[in-house]
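# what's the 3D shape of this:
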Amino acid sequence: MTDSHDYTPPKVWTWNKANGGRFANINRPIAGPTHDKDLPVGKHPMQLYSLATPNGQKVTIMLEELLALGHKGAEYDAWLIRIGDGDQFGSGFVGINPNSKIPALMDRSGDKPIRVFESGAILVHLAEKFGAFLPREAAPRAECLSWLFWQMGSAPYLGGGLGHFYAYAPTKIEYAIDRFAMEVKRQLDVLDRRLAESEYLAGSDYTIADIATFPWYGGLVKGLLYGAGEFLSVQDYKNVLRWTDAIAARPAVKRGRMVNRVQGDPAHQLHERHDASDFETKTQDKLSATAS
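Here you go, the predicted model:
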């Protein structure tokens, strides 16, 4: 790893895998599959291929919220994609998402399957399909979509920026950490000011804007992302904390956060979800107890 103070960029960049750090085995400067692998298909209309990262949680929370409203067409199979093992580079997954990022959804409810990738696009697709969590009137709809796209645009600063350089980079680079910490705190202030005047991001109603933003910024202020809570003084953002607690208490959110989770408390890990009863019978603590 070249010391950042001594580094001068070359005229033409070339990939040096040795500089990839923790993610060297799964990062590369080209797209496309690395191996042939078909994806499994279950019995439900929605086939989700994901992992319980903040982006993955958005979709499982949305699906559980839709089911809680009685939308039976939102029944889904959630298949585990282990990104650390490179599952996202299999030919079947790349066929759904050419960008090789989770989550990816196949909507098989109609005559022809529809692929949807990018978490924000999936939320909009599901909200429009089921007529839920996206206002129909022009003004609140515009507010909702504005906050949704705000989150989609801001997440790289939090995840790929602060998260990477604060928690994962092989060396601590003060300039990079300061740059992204400043931007993330600015974003937290944007959220806090909005939530001082509104119960939820788009107004008085809970929408896909909240569903998208909660796993990232709610996780951050609750100390679930990168161990950066104290570093960022998250206790100062009282309105974000109030909003986070309200969303975290929703039963559908609790279920959605468990799906495709492979870390933490085994009682809160449901590696794959194929039936509503799986939350009661197939969490990792119960499977381990049965195996022993």
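# Return the distance of residue 18 relative to residue 84.
19 Å (Cβ to Cβ, to the nearest Å). Placement of C-beta: from N, CA and C, glycine included.
# Please apply the same query to residue 209.
Counting by Cβ to Cβ, the gap from residue 209 to residue 84 is 30 Å.
# Could you do residue 101 as well?
With Cβ to Cβ as the criterion, residue 101 and residue 84 are 14 Å apart.
# ok, the two, which is more surrounded?
Remark: of residue 101 and residue 84, residue 101 carries more neighbours, 17 against 12, as counted by other Cβ atoms under 10 Å.
# remind me which residues of this protein are low pLDDT?
By pLDDT under 70, the low-scoring segments of the chain are 1-5.
# who does the helix with the most length in it touch, helix- and strand-wise?
Ranked by residue count and defined by DSSP state H, the top helix of the chain is helix 174-197. The contact analysis (3 or more Cβ pairs under 8 Å, 6 or more residues apart in numbering; DSSP states H and E) places helix 174-197 against helix 138-156, helix 219-221, helix 238-248.
# any idea which helix or strand comes after it?
Next along the chain after helix 174-197, taking DSSP states H and E as the criterion, comes helix 208-213.
# so of the helices and strands packed on helix 174-197, which one's packed in deepest?
helix 219-221 (a mean of 23; mean count of other Cβ atoms under 10 Å).
# which residues are contacting it?
Identification of contacts with helix 219-221 by Cβ atoms under 8 Å, 6 or more residues apart in numbering yields 54, 158, 184, 188, 225-226, 228-229, 232, 234, 237, 240-241, 244.
# rerun that using 7 Å as the cut-off
Helix 219-221 has contacts (Cβ atoms under 7 Å, 6 or more residues apart in numbering) with 54, 158, 225, 228-229, 234, 237, 240-241, 244.
# picking that back up, tell me which residues in the longest helix of the chain are buried?
Buried residues in helix 174-197, defined by neighbour count with 16 or more other Cβ atoms under 10 Å: 176-177, 180-181, 183-185, 187-188, 191-192, 194-195.
# go on, stretch 16-32?
By 16+ other Cβ under 10 Å, the buried positions in stretch 16-32 come out as residue 26.
# Only alpha carbons, please: show that stretch as PDB.
Only the C-alpha atoms of stretch 16-32 are listed here, as PDB (Å, rounded to 0.1, in the frame of the first residue of the first chain):
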ATOM      1  CA  ASN A  16      -3.300  -3.100  -8.500                       C
ATOM      2  CA  LYS A  17      -5.300  -5.800  -6.600                       C
ATOM      3  CA  ALA A  18      -2.800  -5.700  -3.800                       C
ATOM      4  CA  ASN A  19      -4.200  -2.200  -2.900                       C
ATOM      5  CA  GLY A  20      -7.700  -3.600  -2.500                       C
ATOM      6  CA  GLY A  21      -7.600  -4.200   1.200                       C
ATOM      7  CA  ARG A  22     -10.400  -6.100   2.800                       C
ATOM      8  CA  PHE A  23     -12.500  -6.200  -0.400                       C
ATOM      9  CA  ALA A  24      -9.700  -7.100  -2.900                       C
ATOM     10  CA  ASN A  25     -11.200 -10.500  -3.700                       C
ATOM     11  CA  ILE A  26     -14.600  -9.100  -4.800                       C
ATOM     12  CA  ASN A  27     -13.700  -5.700  -6.300                       C
ATOM     13  CA  ARG A  28     -12.500  -5.300  -9.900                       C
ATOM     14  CA  PRO A  29     -12.700  -2.600 -12.500                       C
ATOM     15  CA  ILE A  30     -14.900  -4.500 -15.000                       C
ATOM     16  CA  ALA A  31     -18.400  -5.800 -15.100                       C
ATOM     17  CA  GLY A  32     -20.000  -9.100 -16.100                       C
END
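# Thanks a lot, see you next time.
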